[in-house]
Structures are given as structure tokens and as C-alpha cells.
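Prediction below, plus the sequence it came from.
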Amino acid sequence: MLSREFLIEQKQCCGKGCFMCPYLPRHKQGSKKIMNRMGYACINMKLSSQKPKIYTGRSMIKRTFKAKGIKYASELGLQNTKDLFEIIKWNKENGFDFFRITSNLFPWCSEYKLEDMPDHWEIAGILGEIGKYVDEHKMRITSHPGPFNVLTSPHPHVVDNCINDLSIHGEVFDMMGLSRTPYNKINIHIGGVYGDKVSAMERFCTNFHRLPNSVKSRLTVENDDKGTMYSVVDLYEGVYKVIGIPIVFDYHHHAFCTGGLSEEDALEVAMSTWPTDIIPVVHYSESRQREQEDPKIRPQAHSDYVIDYIDTYGNEVDIMVEAKAKELAVLKYKELHE
């Protein structure tokens, strides 16, 4: 079977019905439009709804962690890791080569070192096997640490906590043997404005240099969904030009924070920040308010499914679909548009 990469190198569809045909319309000789790779985040709806369910969200409340400690956290982390492998294998079998893993594989991991978990070596072995599988099948794995990761904060303890959390993400990706490049991105929003956007971005850039190389080499930043926050233009001028890290373009967020650019122009600016040998990542979602026809819902809230055609303006990008129906949303989109 010819690989997707080989077929892309041919620049157009051969019309011979190749299984991995990356062009639109598919299997039509001479087609040149690239079918962009689409992924989903963290939870597989099909696997998490079966019995026994397969998912990576096993956790506990703080009271339980205090009572049961690292031993129980390690047990949950081990099972999460095993199920992560099952999800990734399901992804490959069902045409999903792009996936965002959860940031919560190991419950309360900010309270201990991963190497101190009783099941550390078994966990490390499974993560290593996952990395080999991903590499063998040319899959792309990324992450999106939570909004409490704020390198712009003027409060030292907030920055320290952020550096600790991001360092754990870098450690996990290293355990998987993933490339220290934004191909395996660790993506964050840069954080609050704190009354002075320029100074906040300067703090971000300063604090970036405190991160370990396992994070710095993979870190990307994303535009925000509020007009007072960070547009693609802000990130380009205040972050990329200073420390050179790529910008992930979020279509939905751009509608609320344009920075004076059209969608196409903002996409082009964000793409220009990526290394030439790495396909840029974009995020796509739609408004839940519109989907549910309910004006009481915040327009920024994400929909269950995505219906509109995703216009990449002829560019090859990897599209992370941030819809609540996860892989079902991607499958439905492909039914509608591919």
C-alpha cells in the first residue's frame, strides 16, 4: 500500500483508487487539492462508552490522594497509560493519525516525581512502546496543557507551578521518544494581560527561557477568543519575533479576536511561524450557541459537531477538531465534506 507521504510527493491524484489518497476529489486523476489530516482530543467517545470502557481520565479528588497517596496515583496512571495505547491503536485502525493526548495521565502528578511512582518502570515501558508505534505508523501526537499554565503572570508561584506542569509534559513526551520539535507540540495560551499586554508578553518571553529543553523545543502558543486578549498579530509581534516559537491558529477564537486581520491572512501569518519541514497545526471548532440555537450559551463555547466547510485556503495543515463529540465529530464532518 502506498503511503500518504509518497502520494503527496506526486503532487496530484493518479486516479488508481489508492487507499491513502490525500487529494480532493478522491480517486479523480489530476486532483491536486490536499485532504488535510484531521484529529481529535483526548477522549474516544466510542471506546469510553463501551464496557469495560477504555479511557485515560482516571483520577481522584484531593482528599483521596491525601489518603491513598502516590501508590494509588501510580495504579491509576498505569491503567491510563495502558488505555492510551489502546486508543492510539484504535486511531490507527480507523484512519486517525493525529491525536491530542490528555494532560491528566497521572493524577496529582504535580505533588510527586514521576520516577517515584511504584509502577514507574512499567509505565515507562508502555510509553516507550507507544512512541515506537506512533513513529512506525507516522502518527502525530500533541498535548494542550490547561489554562492555569500562565507564563505571563506577575506572581512567581504561578509561574513556578506553570514551569513544573509543563516540565511534566515534556518528561512524558521524552519517555515516549517523541521528537523535540513542534511536530509533537505542547500548546498553551500565553495567559492574562494584567493591564499591560506588552509587559505581559515580555514576561512570557523571559519565563520561556526557564523551561527545560524538553518543553522549549516543543512549545507553541495559540490565539485567544476575547478581543482584549492575544490575537495572532499580538503573538507574532510580541512572542514569535522574540523567541521564535510557532503560533497555532484557532479559527473559532479568531472570530472574537481578529487583530485586524481576515481569517485567511491570520492563518497565513500563523503558518509563517512554523519550521518549513513541519506541517502547521490549526484548531477548529464552531459555536455551541449557533448549534443549539440558544442565545443564553456563550458564543465562544464549543459545539458538539462541526458542520461548516473548513477552508484552509489551499494550505496543507493538520486540523485538530475541538468539538465535544470528539472522533464522532470528525467522522461526521468527513461524511458531509469528503
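Yep, it's here.

Same question for residue 7, what's its three-state structure.
When classified by DSSP: H, G, I helix; E, B strand; the rest coil, residue 7 comes out as helix.

Please report how far residue 168 lies from residue 239.
Residue 168 sits at a distance of 22 Å from residue 239 (criterion: C-beta to C-beta, to the nearest Å). Every residue, glycine included, has its C-beta placed from N, CA and C.

ah, wrong one, I meant residue 118
When residue 118 is compared with residue 239 (using C-beta to C-beta), they lie 40 Å apart.

Of these two, which one has the most company?
When neighbours are counted by other C-beta atoms under 10 Å, residue 239 comes out ahead of the other of residue 118 and residue 239, with 22 against 14.

residue ranges of the helices in the stretch 151-300 of the chain, please?
Read by DSSP state H, counting those that start in this stretch, the stretch 151-300 of the chain holds these helices, from start to end of the chain: 156-175, 197-208, 213-216, 232-235, 241-243, 251-254, 263-271, 288-292.

rank those helices by mean pLDDT and give me the bottom one.
When the helices of the stretch 151-300 of the chain are compared on mean pLDDT, helix 288-292 scores lowest, with a mean of 92.

isn't residue 228 right up against residue 193?
Yes: with contact taken as C-beta atoms under 8 Å, residue 228 and residue 193 are classed as touching, separated by 6.3 Å.

contacting residues around the host helix or strand of residue 123?
Remark: residue 123 resides in helix 120-136, with elements defined by DSSP states H and E. Contacts of helix 120-136 with the rest of the structure, by C-beta atoms under 8 Å, 6 or more residues apart in numbering, involve 74, 77-78, 81-82, 84-85, 88-89, 92, 114, 117, 139-141, 172, 175-178.

out of these, which are buried?
When neighbours are counted using 16 or more other C-beta atoms under 10 Å, these contain these buried positions: 74, 77-78, 81, 84-85, 88, 92, 114, 117, 139-141, 172, 175-176, 178.

that older thread, among the contacts of helix 120-136, which are located in strands?
For those, membership in strands holds for 140, 141, with DSSP state E as the criterion.

returning to what we had before: comparing the helices of the stretch 151-300 of the chain, which comes out most buried?
Burial among the helices of the stretch 151-300 of the chain, expressed as mean neighbours by mean count of other C-beta atoms under 10 Å, is greatest for helix 232-235, which shows a mean of 25.

That one packs against which elements?
Here helix 232-235 is seen to pack against strand 247-250, helix 263-271 when contacts are counted using 3 or more C-beta pairs under 8 Å, 6 or more residues apart in numbering; DSSP states H and E.

can you put these in TSV and add distance to residue 333?
Below are those laid out as TSV (distance: least, C-beta to C-beta, whole Å):
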stretch	distance to residue 333
strand 247-250	17
helix 263-271	18
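
Enumerate every residue touching residue 308.
Contacts here follow C-beta under 8 Å, 6+ apart; on that basis residue 308 touches residue 286.

do residue 319 as well
Applying C-beta under 8 Å, 6+ apart, the residues near residue 319 are 36, 37, 38, 39, 98, 281, 282, 283, 284, 310, 312.

Make sure it is indeed in a strand.
Yes: secondary structure of residue 319 (three-state DSSP): part of a strand.

In contact with residue 209, which residues?
If you count contacts by C-beta under 8 Å, 6+ apart, then residue 209 has 216, 243 around it.

and it, what pLDDT?
Predicted confidence (pLDDT) for residue 209: 97.

Residue 106 too?
Residue 106 is assigned a predicted lDDT (pLDDT) of 96.
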